[in-house]
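A.B. asks: using only what follows, build the 3D model:
(one chain, ligands or ions: 2)
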Amino acid sequence: MPDPSVPATMRASVLLEQGVIEMQERPVPVAGPGEVLVRVASVGVCGSDVHYYRHGRIGDAVVDAPLVLGHEVSGTVVDVGPGVPETRVGERVAIDPQVPCRRCRHCLSGRFNLCREMRFYATPPVNGAFADYVTAPADFAHPVPGTMTDEAAALLEPLSVGLWSIHKAAIGPGDQVLVAGAGPIGAMVAQAARAAGAADVVVTDLVASRRERITSLGATRALHPVEDADAVAALEADSFVECSGATPALLQGLRAVRPGGTVVLVGMGADEATLPTAYLAAMEISLTGVFRYVDTWPRGIALAQAGMVELDALVTHRYPLEEVEAALDADSDPQCMKAVVQVS
Ligand SMILES: [Zn+2]
Ligand SMILES: [Zn+2]
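C.D. replies: Ligands and ions are numbered 1, 2, ... in the order given. Predicted coordinates for the structure are as follows:
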C-alpha cells in the first residue's frame, strides 16, 4: 500500500529564469513502471545548481523553461510503480540521479554515464529534487543503513564523483596522489583515494581555511599552489586529479605526475586550455575525464558504513526548502564547504 499520507500536491522550488527562484505548488509525481516515489529528506547544493542559478546555463544545457534544481538526494520510499515490490515502501534511500536508456552501446557496455539519451535530475529539461517528492528508477534508489544520516545519504552523490575519479585514475595501494582543489569534490576524491589505499594524498588550494580542513578529510598534506610550488613540482605522483577548474592548477599538476602516470579532469573550468603536448607524449601520461559515475552508490554506502569516509563533516550550512535561494548563495561565505537543503 502506498503511504496514505502522500498528498495530491507538493511544494517545488523552481528556477524560473537566471537568478529567479519561486516556490510553486505542483502535483506530486506518480511512480511509473519500475519506479519508486520518494519523499525527499535532504538535498545537497552542488556547484552545477549554483551555476544554473547564476548563469542560466552550463555549456549547451540552457534553462529555457522553469526548472527544479537539486540532484544530491536522500529520502524515503512512499509509493511504488508497477513491477516494484510494495515491501520497498518505508525504505530510506539515496538516489543515483541518472536515468540512462539501458539499451545503447554505452549502457550495454557498462558505461551508462556516457548514454546519449541520459535524463539527469536538474539538467534541462529534467526537474531535480528541491521539492517534497521525486520519482526514481527503483534500482537507482539505493537503500541506506539506519546509522546513516539523511545528509550523509544525500552526499553519496558527490562521493560518487570521488569514487569514479579514483576509478579513472586507477589509484591503488601505496600510491601518491595529487588533488587540486580542497572543496567538496576535492575532499571526496581525497577520501576515496585514501580508501583505495593511496599512501600520500597531497591537496593544493589557495585558501588557508580550506587547506586546514582538508587534512581531516582525506589529505595527508595540504600545499599552497604558489607558495609551495617547489614542493608540488618535486612530486612524482602516480596520478593527479584536477578538481579546481583552474587552468594554472591543471598545468602545474600535469608536471607533478610521474612518467606513465594518469591525469583526471574533474573540475569544470575553461572550455579550452593549451597543454604541453610534447611533454605529455614523452612522459606517456594518460589524460582522461570524469563525467558523473557508474554504479558507485553500493561502494559509497559500504565505505561510509565502515567509517572509511566522512560525509556529515562536510556539511557547514543548512536551509529549509523555502530558502533555496540562500542555499544557492551559501558559497559567498568563505567558511562554506557544503550547503544542504533540509526538505523534510
Ligand atoms: Zn553534484
Ligand atoms: Zn543508453
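A.B. asks: in stretch 92-109, which residues are buried?
C.D. replies: By neighbour count with 16 or more other CB atoms under 10 Å, stretch 92-109 contains the buried residues 92-100, 104, 106-107. (Glycine included, C-beta is placed from N, CA and C.)
A.B. asks: which ones among these come in contact with ligand 2?
C.D. replies: With CB under 5 Å from the ion as the criterion, these include 100, 104, 107 near ligand 2.
A.B. asks: which of the buried residues of stretch 92-109 fall within strands?
C.D. replies: Those of these mapping onto strands are 92-95, 98-99, per DSSP state E.
A.B. asks: need these in CSV (columns: pLDDT).
C.D. replies: Putting those into CSV (pLDDT from 0 to 100) gives the following:
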residue, pLDDT
92, 98
93, 98
94, 98
95, 98
98, 96
99, 95
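A.B. asks: which one of those residues is nearest residue 311?
C.D. replies: residue 94 (10.4 Å; CB to CB).
A.B. asks: contact partners for the closest one?
C.D. replies: Neighbouring residues of residue 94 by CB atoms under 8 Å, 6 or more residues apart in numbering: 73-74, 141-142, 144, 153-154, 156-157, 297, 301.
A.B. asks: then residue 343?
C.D. replies: Contacts for residue 343 (CB under 8 Å, 6+ apart) come out as 40-43, 75, 129-132, 320-321.
A.B. asks: contact residues of the stretch 51-200 of the chain facing ligand 2?
C.D. replies: Near ligand 2, when you scan the stretch 51-200 of the chain using CB under 5 Å from the ion, you find 100-101, 104, 107, 115.
A.B. asks: number of nearby residues for residue 323?
C.D. replies: Using other CB atoms under 10 Å, residue 323 is surrounded by 17 other residues.
A.B. asks: most neighbours, which of the contacts of residue 343?
C.D. replies: residue 43 (36 neighbours).
A.B. asks: ramachandran coordinates for that one?
C.D. replies: phi -130, psi 120 (degrees, to the nearest 10).
A.B. asks: the closest residue to residue 246 other than its chain neighbours and residue 232: what is the separation?
C.D. replies: Of all residues not flanking residue 246 in the chain, residue 269 sits nearest, at 5.9 Å (CB to CB, 6 or more residues apart in numbering). To residue 232, residue 269 is 18 Å away according to CB to CB, to the nearest Å.
A.B. asks: higher neighbour count, the two?
C.D. replies: More crowded of residue 269 and residue 232, by other CB under 10 Å: residue 232, with 22 against 17.
A.B. asks: which stretches of the stretch 51-200 of the chain form strands?
C.D. replies: Along the stretch 51-200 of the chain, the segments classed as strands by DSSP state E, counting those that start in this stretch run 57-58, 61-62, 67-68, 72-80, 92-95, 98-99, 119-120, 133-137, 141-143, 176-180, 200-204.
A.B. asks: each with direction, which strands does the first one pair with?
C.D. replies: Strands flanking strand 57-58 in the sheet, each with its direction: strand 61-62 (antiparallel) (DSSP bridges).
A.B. asks: gap between the partner strand and the chain center?
C.D. replies: 19 Å (CA atoms, centre = their mean, to the nearest Å).
A.B. asks: likewise for stretch 320-339?
C.D. replies: Offset of stretch 320-339 from its chain centre (CA atoms, centre = their mean): 16 Å.
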